[in-house]
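Undergrad: attaching a predicted model along with its sequence, questions to come.
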Amino acid sequence: MFAMIEATLPHLPAGKPRYLMGVGLPHDLVEAVTAGLTCSTASSPPATPANGTLFTHQGRLRIRNAGYAEDYRPVEEACPCQTCQQYPRAYLRHLFQTNEILGLRLATYHNLHFFLSLMRTMRQAIIAGNFPTWQAQFLAGYQN
């Protein structure tokens, strides 16, 4: 994907939006912005909960894993979304294990909040002129 971005960006008109369709993982979005892309769509925030995946600043959390059966922490400690504020990992895991639709809804809500927050934070770092520092910090903490 990034080889194609590198090959095509010089041919795109300057001053126009540079759109990347279907980028789905947080680290890919950060790298796409670094490469010079200005907008994208991501299908993963609402799609990945189907297999029990939630996104955090540390990487993907697979809530179906047995290790979360008695984990009463939120999906992400510092996240202000309603899912993280009201539901522990153990309960979310229970919802997924019993195929309750509420689990998908809560995971989707968290993932959408995560991606919106990620993009907002990137935009603020670009405006403040410290995007390279922000990028290095984000990528150092994010595990695929």
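TA: Cool, got the structure.
Undergrad: right, and the helix or strand after the helix or strand bottoming out on mean pLDDT in the chain?
TA: None of the helices or strands of the chain scores lower by mean pLDDT, DSSP states H and E than helix 44-47, at a mean of 66. As assigned by DSSP states H and E, the chain's next helix or strand after helix 44-47 is strand 53-56.
Undergrad: ok now that next one, how far from the chain's centre?
TA: Centre-to-centre, strand 53-56 and its host chain are 7 Å apart (CA atoms, centre = their mean, to the nearest Å).
Undergrad: check which residues of it are buried.
TA: The neighbour-count check on strand 53-56 (16 or more other CB atoms under 10 Å) flags 53-56 as buried. (Each C-beta comes from the backbone N, C-alpha and C, glycine too.)
Undergrad: quick check, nearest of those to residue 32?
TA: Comparing the buried residues of strand 53-56 against residue 32 with CB to CB places residue 55 closest, at 15.9 Å.
Undergrad: quickly list what that closest one is bridged to.
TA: For residue 55, the residues forming beta bridges with it (DSSP bridges) are residue 60.
Undergrad: quick one on the thing from earlier: wait, which of the buried residues of strand 53-56 is closest to residue 120?
TA: Of the buried residues of strand 53-56, the one sitting nearest to residue 120 (CB to CB) turns out to be residue 55, at 14.7 Å.
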